[in-house]
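Undergrad: Make a model of this:
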Amino acid sequence: MDAENKKEKLCQYMEQLASEDLVLAFSGGVDSSLLLYLAVNAAKRHGKKVYAVTFQTRLHPPCDLDTARRVAEEMQAIHQVLQVDELEMEAIRTNPVNRCYLCKHHLFEKLIEFAKNHHVDRILDGTNEDDLHVYRPGIRALEELGIKSPLADCHVTKKEVKQFAEDFGISVAHRPSAPCMATRLPYGSPLDYELLERIAAGEEWLHEQLGAEKNIRLRVHRDLVRLEVEKESMSLVLERKEEITKRLHELGFVYVTLDLEGFRSGSMDTHLKGENNR
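TA: Numbering: from 1, shown residues only. From the prediction side, this is the model:
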């Protein structure tokens with residue numbers, strides 16, 4: 001099925017879903033923003049409500065919440081914020097291989113409770129087709145809890161999501177993905193707030209220097225920080241290596257390296273390639 005047919009199918013599916021009130025797990029990223037745009041427009045035609053619910057957690061930087069608030073306001077959605085501290089759970093603090101499953105289960109149980117309190121039966125999230133083909137153990141939690149994923153159901157890829165968002169004039173169409181900060185550490189490395197805050201500060205500074213729409217990750221291995229950037233940004237990093245190294249040293253990172261393979265989503269999962277989402 002080509003992209004235009006997928007777009008039409010997605011729009012029809014969202015029209016059907018919005019015949020009832022909806023709750024959408026809303027991060028302010030391009031996936032959930034596309035769904036929010038379609039859901040709000042369809043819900044208006046049906047006289048229904050869409051609750052865009054953002055998790056404010058210790059594993060996501062504050063700028064994510066700011067973006068979610070702005071986009072929800074642009075779309076005139078009902079925006080709600082749920083405060084959640086994932087690291088209250090010892091099983092998550094130890095950062096096991098199934099961390100994403102445990103975390104998703106914890107977060108979406110809170111979302112289900114919110115939906116029940118607002119008399120809503122349909123809960124959506126922004127999982128897309130590409131997510132089904134990499135290591136995403138959180139998807140099993142969504143399935144167990146009965147969460148609907150319209151993008152995945154309509155086989156819409158990440159590239160198509162960005163194209164559709166641009167077609168509809170959504171302001172975050174080219175916003176880079178922003179997965180939880182725990183993905184910056186190898187599995188088994190304990191999740192420590194102070195370290196995660198230093199990583200977030202480093203990435204925020206690098207975005208200011210290299211571009212807000214660039215994909216940037218600081219992956220930390222004990223005393224070493226491995227900088228992943230898009231390959232077209234590598235020459236700029238090398239030109240400014242003294243400045244970058246100085247700033248990362250100030251943040252407490254002892255050794256600073258540039259990953260020659262460049263940015264790639266899920267690079268901490270390379271040893272799990274035989275695994276699946278189930």
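
Undergrad: And the strands in the stretch 151-278 of the chain?
TA: 216-221, 224-229, 255-258 (DSSP state E, counting those that start in this stretch).

Undergrad: Same list (these) but as a markdown table, adding distance to G266, mean pLDDT and mean neighbour count.
TA: The way it works is simple: take the backbone N, C-alpha and C, and place the C-beta from them, glycine included. Below are the strands of the stretch 151-278 of the chain laid out as a markdown table (distance: least, C-beta to C-beta, whole Å; pLDDT from 0 to 100; neighbours: other C-beta atoms under 10 Å):
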| stretch | distance to G266 | mean pLDDT | mean neighbour count |
| --- | --- | --- | --- |
| strand 216-221 | 10 | 95 | 20 |
| strand 224-229 | 11 | 96 | 19 |
| strand 255-258 | 19 | 97 | 15 |
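
Undergrad: can you redo the ones you listed as a markdown table with distance to G188?
TA: Compiled in a markdown table, the strands of the stretch 151-278 of the chain are given as follows (distance: least, C-beta to C-beta, whole Å):
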| stretch | distance to G188 |
| --- | --- |
| strand 216-221 | 11 |
| strand 224-229 | 16 |
| strand 255-258 | 20 |
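
Undergrad: Do a quick rundown of the helices in this protein.
TA: Here the chain has its helices, by DSSP state H, at 3-17, 30-46, 62-74, 90-93, 99-117, 138-145, 150-153, 158-167, 193-210, 234-239, 241-250.

Undergrad: among the ones you listed, which is nearest L260?
TA: Nearest to L260, of all the helices of the chain, is helix 234-239, at 7.9 Å by C-beta to C-beta.

Undergrad: Using PDB, list the CA coordinates for that closest one.
TA: C-alpha atoms of helix 234-239 as PDB (Å, rounded to 0.1, in the frame of the first residue of the first chain):
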ATOM      1  CA  MET A 234      30.400  14.800  12.500                       C
ATOM      2  CA  SER A 235      32.600  17.400  10.800                       C
ATOM      3  CA  LEU A 236      31.100  20.200  12.900                       C
ATOM      4  CA  VAL A 237      31.700  18.100  16.100                       C
ATOM      5  CA  LEU A 238      35.400  17.600  15.100                       C
ATOM      6  CA  GLU A 239      35.800  21.300  14.300                       C
END
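
Undergrad: before we move on, back to that, same list (the helices of the chain) but as TSV, adding mean pLDDT and distance to L227.
TA: TSV is the format used below for the helices of the chain (pLDDT from 0 to 100; distance: least, C-beta to C-beta, whole Å):
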stretch	mean pLDDT	distance to L227
helix 3-17	96	33
helix 30-46	97	24
helix 62-74	90	19
helix 90-93	92	26
helix 99-117	96	23
helix 138-145	96	26
helix 150-153	98	30
helix 158-167	96	23
helix 193-210	93	8
helix 234-239	96	7
helix 241-250	97	8
